[in-house]
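*Asks:* let's see this in three dimensions:
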Amino acid sequence: MHRAHPLAWAALGLGLAFLYGPILLVVVYSFNASRLVTVWAGFSTRWYAGLLDNGPLVDSALVTLKVALASAGLATVLGTLAALALDGRRRFPGRPLLTGLVYAPMVMPEVITGLSLLLLFVGLGIPRGVWTIVIAHATFTLCFVAVVVQARLRQLDRSLLEAAADLGAAPVTVFRTVTLPLIAPAVIAGFLLAFTLSMDDLVIASFVSGPGATTLPMRLYSQVRLGVTPEINAISTLLIGAVSVAVLGASVLTARRGR
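*Replies:* Model (predicted):
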């Protein structure tokens, strides 16, 4: 068996350190006893308890989770439907145009997307708040779900779908009992990707948010300009843990379904 060159292992280690080193530092310094985030003064969990007294930060975290869950669910449904409509074996008038419209948010700068949605909401007289952020994030992330699900659809064994149809199953029954279980891992992966992108977004949310709809990235950005506090490290660590648990759980479910 061919063994990897030591330089390849070194490059891999440097790459992982570059990606995950800052995250590890955030987690470590969230347990720092000192208020100075650059000076280690011992282990302490005081900043996690202090989060309960930081109402604005907790409220922003809850808003972010609500927006991420709602927008990811909406993007998963719409993205899956778009992937089914754009399946390579389907031909209909306007398919290239629909493909371009679905994938446009993926390559469009977020500033342009946020400004366009802001003008749309203002023109329609829709008050800006949590639901405008949900709609904006779903618009931005459904293209990523469509890409993931469409890649899975290309790998499906069409004979299974044809066999179910030949046995008299209606199209809805075929989708529910055959297609959906086969593409479920891709749907879950698309949901997690949309969830992560929504939680991470700052630019689009800054355009379409309103009073009482401040997301955690917006709150952190406004506070970081005045200096990083231990509470920021603590809330960031909690979010990292929540996302890690969600990804691990999805991976376990996907592995069990595969077996």
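
*Asks:* can you give me the neighbour number for Arg46?
*Replies:* Using other CB atoms under 10 Å as the criterion, Arg46 is surrounded by 12 other residues. Just so you know, the C-beta spots here come from the backbone N, C-alpha and C atoms, and that holds for glycine as well.

*Asks:* starting at the chain centroid, how far to the strand or helix carrying Trp9?
*Replies:* Assigned by DSSP states H and E, Trp9 belongs to helix 6-29. Taking the mean C-alpha point of helix 6-29 and that of its whole chain, the gap between them comes to 22 Å (CA atoms, centre = their mean, to the nearest Å).

*Asks:* alpha carbons of stretch 5-23, in CSV - could you do that?
*Replies:* Listed next in CSV are the C-alpha coordinates belonging to stretch 5-23 (Å, rounded to 0.1, in the frame of the first residue of the first chain):
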residue,chain,number,x,y,z
HIS,A,5,4.9,11.5,2.0
PRO,A,6,5.8,13.2,5.2
LEU,A,7,5.3,16.6,3.5
ALA,A,8,1.7,15.6,2.7
TRP,A,9,1.1,14.9,6.4
ALA,A,10,2.7,18.2,7.3
ALA,A,11,0.6,20.1,4.8
LEU,A,12,-2.5,18.4,6.1
GLY,A,13,-1.6,19.2,9.7
LEU,A,14,-0.9,22.9,8.8
GLY,A,15,-4.2,23.1,6.9
LEU,A,16,-6.2,21.6,9.9
ALA,A,17,-4.4,23.9,12.3
PHE,A,18,-5.2,26.9,10.1
LEU,A,19,-8.9,26.0,9.9
TYR,A,20,-9.6,24.8,13.5
GLY,A,21,-6.9,26.6,15.5
PRO,A,22,-8.9,29.8,15.9
ILE,A,23,-12.0,27.8,16.8
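
*Asks:* any idea of the mean pLDDT in it?
*Replies:* For stretch 5-23, the mean per-residue pLDDT is 86.

*Asks:* touching it from outside, list them.
*Replies:* Counting contacts by CB atoms under 8 Å, 6 or more residues apart in numbering, the residues outside stretch 5-23 that touch it are Ile240.
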